[in-house]
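In: Got a sequence here, can you build the structure:
(chains A, B, C and D)
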There are 2 protein chains.
Amino acid sequence: MKEQASRAVPDKPLEIHLGYWLRLVSNHVSGSFASALQVRQLSVAEWVALNHIERRADITAANLADAMHMTRGAISKIVDKLARKQCIVRVSSPRDNRAQLLSLTPSGKRTLPRLRAMADDNDEHFFGRLDTAERIELRRLLQKLADVHAIDTVPVD
Amino acid sequence: MKEQASRAVPDKPLEIHLGYWLRLVSNHVSGSFASALQVRQLSVAEWVALNHIERRADITAANLADAMHMTRGAISKIVDKLARKQCIVRVSSPRDNRAQLLSLTPSGKRTLPRLRAMADDNDEHFFGRLDTAERIELRRLLQKLADVHAIDTVPVD
DNA sequence: GACATCATGTTTCCATGGAAACCATCATGG
DNA sequence: CCATGATGGTTTCCATGGAAACATGATGTC
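Out: Below you'll find the predicted structure:
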């Protein structure tokens, strides 16, 4: 009598789901990076926004929202904070008075390399224990998942 | 003159970080599951709490907080919601009048299998496109990361 | 036994982000 | 030209979760 598997609690804990492990590790990595950024008075979302603005100067808030998979409402607040911190400036688009073009201030441009170093360190700290092959494989698997589920549906135009 | 790599924007986008992909995919998986749970009027956190309570009946709120890596304040609210939804009951511990023992109601026990099926479906939907070897490898890598960084520091007693 | 210390659970306050309503500005069709 | 709709950005409201203060009960020390 195999310990009556019928009425017993099904032995299918949360840990059997890959999603569980993904969330566990992901939250930890992001949380650690958030702590690191905190000494610079920045949030992860703000860091991501700065990156997008750096890569594509004069991006509009709506495009930024698409690129970051966030709502325009949330972006509005983030942009507001970054502007208050003198990291970016908002300029009305000459061809559309509704839109505002976002770009880095000199101060913003100067701080980005340091932030990037922190991001590199954080990534290295977490994934450094994997050897090169493992890191490549992890990246491949994650990209495959993103690809298969069209998570990279980022119009950004 | 290699397009002056000095002053140019360093070509190190967010996507080079494994943490970026981890967060991207993880958020998507969790978000999808959250949507699925929504039709049952449950949040992901509530689902996780139900699982822990099922696995360890008469767990205290403090232990649940440890197990879920959340603060007692947050757990207090989650437990409150689950109690209001008649999924669990709170009973004062006979040996410690501060502590309250949490356990599933019959209704809670009945709904858990359906929730588990939803979780299984969600996981299968997202990771089903990976073949068996890939899924095993992904699990191994994530567990290795959790292990190396002691993310599983779950006292739970 | 009295008091300091600690643990449990709740509450309050804060920050974040989505949903939806809103206003201003384009764009299009009549 | 103007009415209608679409779009960009802001605001308000809501839900979630952490931080910290709090009240209550347990524990330890003297």
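
In: tell me, what residue is most central in chain A?
Out: A:V48 (5.7 Å; Cα atoms, centre = their mean).

In: ok, is the biggest strand by length in chain A in contact with DNA strand C or not?
Out: When chain A is parsed with DSSP state E, its longest strand is strand A:96-104. Yes. Using Cβ under 7 Å from any atom of the strand, strand A:96-104 reaches DNA strand C at A:D96, A:N97, A:R98. C-beta: built from backbone N, CA, C; applies to glycine.

In: Wait, A:A36 touches A:N122, no?
Out: Yes. Applying Cβ atoms under 8 Å as the test, A:A36 and A:N122 come out as touching, 5.9 Å apart.

In: related to what we said a few turns ago, quick check: chain neighbours aside, which residue is closest to the residue nearest to the centre of chain A?
Out: Closest residue in space to A:V48, ignoring its immediate chain neighbours: A:M68 at 5.9 Å, by Cβ to Cβ, 6 or more residues apart in numbering or on different chains.

In: try A:K12
Out: B:R116 (6.4 Å).

In: so that neighbour is in which element?
Out: helix B:106-127 (DSSP states H and E).

In: Show me what that helix is packed against.
Out: Helix B:106-127 makes packing contacts with helix A:18-38, helix B:18-38, helix B:44-55 when contacts are defined by 3 or more Cβ pairs under 8 Å, 6 or more residues apart in numbering or on different chains; DSSP states H and E.

In: try 6 Å this time
Out: Contacts defined by 3 or more Cβ pairs under 6 Å, 6 or more residues apart in numbering or on different chains; DSSP states H and E place helix B:106-127 against helix A:18-38, helix B:18-38.

In: Could you confirm whether the last one reaches DNA strand C?
Out: Spelled out, it's helix B:18-38. No. Against DNA strand C, helix B:18-38 shows no contacts by Cβ under 7 Å from any atom of the strand, the least distance being 8.6 Å.

In: quick one: contacts of that helix?
Out: With Cβ atoms under 6 Å, 6 or more residues apart in numbering or on different chains as the contact definition, helix B:18-38 has outside contacts at A:19, A:22-23, A:26, A:29-30, A:123, A:127, A:139, A:142, A:145-146, A:151, B:14, B:44, B:47, B:118, B:122, B:126.

In: Can you pull the residues of chain A lying near DNA strand D?
Out: A:60-63, A:72-73, A:75-77, A:79-80, A:90, A:96, A:98-100.

In: In helices, which of those residues fall?
Out: A:A61, A:A62, A:N63, A:R72, A:G73, A:I75, A:S76, A:K77, A:V79, A:D80 (DSSP state H).

In: Count the neighbours of A:E54 for me.
Out: 19 (other Cβ atoms under 10 Å in any protein chain shown).

In: Also the one 10 residues further on?
Out: By the measure other Cβ under 10 Å, the count of residues near A:L64 is 21.

In: Next: A:A83.
Out: 15.

In: what does A:Q143 give?
Out: When neighbours are counted by other Cβ under 10 Å, A:Q143 comes out with 16.

In: before we move on, what about A:E15?
Out: With other Cβ under 10 Å as criterion, A:E15 counts 14.

In: And the one 5 residues further on, by the same measure?
Out: Counted with other Cβ under 10 Å, the neighbours of A:Y20 add up to 20.

In: What separation do you get for it and A:N27?
Out: 11 Å (Cβ to Cβ, to the nearest Å).

In: Let's have the ones in helices among the residues of chain A next to DNA strand D in a markdown table, adding neighbour count.
Out: As requested, these are arranged in a markdown table below (neighbours: other Cβ atoms under 10 Å in any protein chain shown):
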| residue | neighbour count |
| --- | --- |
| A:A61 | 18 |
| A:A62 | 14 |
| A:N63 | 19 |
| A:R72 | 12 |
| A:G73 | 8 |
| A:I75 | 22 |
| A:S76 | 13 |
| A:K77 | 11 |
| A:V79 | 22 |
| A:D80 | 11 |
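
In: okay if I get those residues as TSV plus distance to chain B?
Out: Formatted as TSV, those follow (distance: Cβ to the nearest Cβ, whole Å):
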residue	distance to chain B
A:A61	18
A:A62	19
A:N63	16
A:R72	18
A:G73	17
A:I75	16
A:S76	21
A:K77	19
A:V79	18
A:D80	22
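
In: Flag every residue of chain A that's near DNA strand C.
Out: So chain A meets DNA strand C at A:43-45, A:69-74, A:77-78, A:81, A:96-98 (Cβ under 7 Å from any atom of the strand).
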